[in-house]
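Chemist: Mind folding the following:
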Amino acid sequence: MNQTELKDFLDEKVIQYNNQDFIESDPVQIPHLFTQKEDIEIAGFLSATIAWGNRKMIIKNSHSMMELMGNAPYDFIMSHSDEDLARLENFVHRTFNGNDFAGFVKGLQHIYKNHNGLEAVFAKNQENDSLQKSIHEFKKIFFETDHLPRTQKHISDPLNNSAAKRINMYLRWMVRQDTKGVDLGIWKTISPAALSCPLDVHSGNVARKLGILTRKQNDGKALAELDQKLREMDAQDPVKYDFALFGLGVFEGF
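Modeler: I've put the predicted structure just below:
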C-alpha cells in the first residue's frame with residue numbers, strides 16, 4: 001500500500017472499532033461507570049494502571065478496585081482512614097498488590113490536595129507534540145508521599161526509554177474528544193495532538209507489518225517513530241489510529 005492507501009485503510013479501521021461496542025471488552029468501561037470528573041479520572045487512572053495481561057481479568061479486578069473504594073473513588077481518596085486502607089491489603093493483580101494500591105491512594109490524595117488534581121499536573125508540563133515530559137514529571141510528584149520502592153515500577157517513565165503504554169492509554173481516554181463515546185475527553189487543557197499511541201505487543205506488531213514501525217523493541221524510541229508516522233496521517237488526532245492498530249491485532253489477528 002502507498003501512503004494514501006494506508007491512511008484510507010486505517011481510517012476505515014478506526015471507524016470500525018472506535019464505537020461503543022468497543023467498550024464492552026475494554027477497561028475503558030470502568031471510568032464510564034461514573035459521572036463526576038474526579039471519579040472518572042481516578043477510576044480511569046487505576047484501571048489503566050493494571051491494564052496488562054488477560055483483558056477479562058483486568059476488567060474484573062478493576063471492578064474490584066472500585067468496590068473496595070465503595071464505588072466512590074474520589075471520596076475514598078480524599079477521606080480514607082487507616083482501616084479503609086487495610087481493606088485493600090488482599091487486592092492483587094499480577095504484580096500490583098494491596099500495598100501498591102494503598103501507595104497509589106496516598107499518591108492520588110497528594111495530587112488532589114496539593115497539586116489541583118490529575119489534569120492540572122499533566123497539563124503543566126505538556127509540550128506541543130508530546131506528553132512524555134508530563135508523564136515523567138507526574139511520576140516524580142506522585143511519589144513524593146511515603147511509598148514502597150517496589151510501587152514505583154507501576155508508573156513507567158518515558159524519559160527512561162519506556163513506551164509507557166498504560167499511561168498513554170489513560171491520557172487517550174481523558175483527552176480525546178470525538179462523538180464516538182469511547183474516549184471520555186473530559187480534560188480540556190491538553191490537546192489531542194500531543195497524545196502518544198499506547199504501544200503494546202498488538203499495536204507494535206501490526207504497525208511493523210504495515211511498515212509504519214521499523215524498530216523491533218516496543219520502547220520509547222519505537223513510540224517516537226510510530227508517533228511521527230501517525231502524526232503524518234492526522235496531526236490533530238494521531239492516536240485515533242490506536243483503535244485501528246489494536247483492533248487489527250486483537251480482533252483480526254492481522
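
Chemist: Report the contact partners of D39.
Modeler: Shown in contact with D39 (CB atoms under 8 Å, 6 or more residues apart in numbering): 31, 72-74. Using the backbone N, CA and C atoms, a C-beta is placed for each residue, glycine as well.

Chemist: Just the residues you listed: which are in strands?
Modeler: Within the contacts of D39, membership in strands is found for no residue, as judged by DSSP state E.

Chemist: quick one: which of those sit in helices?
Modeler: Judged by DSSP state H, the contacts of D39 include 73-74 as members of helices.

Chemist: Columns distance to Q132, neighbour count and pLDDT on top of the contacts of D39, output as TSV?
Modeler: Below are the contacts of D39 laid out as TSV (distance: CB to CB, whole Å; neighbours: other CB atoms under 10 Å; pLDDT from 0 to 100):
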residue	distance to Q132	neighbour count	pLDDT
P31	22	26	98
A72	32	15	98
P73	26	28	98
Y74	27	20	98
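
Chemist: I'd like the contacts of D39 laid out as TSV, including distance to N160.
Modeler: Written out in TSV, the entries for the contacts of D39 read as follows (distance: CB to CB, whole Å):
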residue	distance to N160
P31	27
A72	35
P73	29
Y74	30
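
Chemist: Can you name the two of the contacts of D39 that sit furthest apart?
Modeler: The largest separation in these, counting by CB to CB, is between P31 and A72 at 13.8 Å.

Chemist: related to what we said a few turns ago, which one among the contacts of D39 gets closest to K37?
Modeler: Within the contacts of D39, distances to K37 taken as CB to CB reach their minimum at Y74, with 8.6 Å.

Chemist: pretty sure that closest one is touching E38, no?
Modeler: Yes. Checked against CB atoms under 8 Å, the pair Y74 and E38 is within contact range at 3.8 Å.

Chemist: Name the residues contacting each of those two.
Modeler: Taking CB under 8 Å, 6+ apart as the contact rule, Y74 and E38 both touch Y112.

Chemist: And Q126, how far from S134?
Modeler: Here the distance between Q126 and S134 works out to 5 Å (CB to CB, to the nearest Å).

Chemist: before we move on, what about M174?
Modeler: Noted for M174: a distance of 12 Å to S134, by CB to CB.

Chemist: Then Y112?
Modeler: For Y112, the distance to S134 under the criterion CB to CB works out to 17 Å.

Chemist: Name the residue in those two with the higher neighbour count.
Modeler: Summary of the neighbour comparison: Y112 and S134, criterion other CB atoms under 10 Å, with S134 having more neighbours (21 against 18).

Chemist: Residues in contact with the helix or strand encompassing that one: which ones?
Modeler: With secondary structure defined by DSSP states H and E, S134 is part of helix 132-142. Contacts to helix 132-142, defined as CB under 8 Å, 6+ apart, come from residues 107-108, 110-111, 115, 121-127, 152, 155-159, 164, 167-168, 171, 196, 220.

Chemist: mind listing what M78 touches?
Modeler: Applying CB under 8 Å, 6+ apart to M78 gives the contacts 109, 112-113.

Chemist: from the residues you listed, which is closest to K13?
Modeler: Taking CB to CB as the measure, K13 sits nearest to Y112 out of the contacts of M78, at 37.6 Å.

Chemist: Please report how far the closest one lies from L118.
Modeler: Distance check for Y112 against L118: by CB to CB, it reads 8 Å.

Chemist: Can you tell me which residue is spatially central in this structure?
Modeler: Y170 (2.1 Å; CA atoms, centre = their mean).

Chemist: Quick check: nearest residue in space to that one, chain neighbours excluded?
Modeler: Excluding the flanking residues, the one nearest Y170 by CB to CB, 6 or more residues apart in numbering is A48, at 3.7 Å.

Chemist: for the chain, what spans make up the helices?
Modeler: Assignment of helices within the chain using DSSP H yields the ranges 3-17, 37-49, 55-68, 73-79, 82-86, 98-114, 118-124, 132-142, 165-175, 201-210, 220-233, 241-250.

Chemist: Just name the most buried of these.
Modeler: The densest packing among the helices of the chain, expressed as mean neighbour count by mean count of other CB atoms under 10 Å, is seen in helix 165-175 with a mean of 26.
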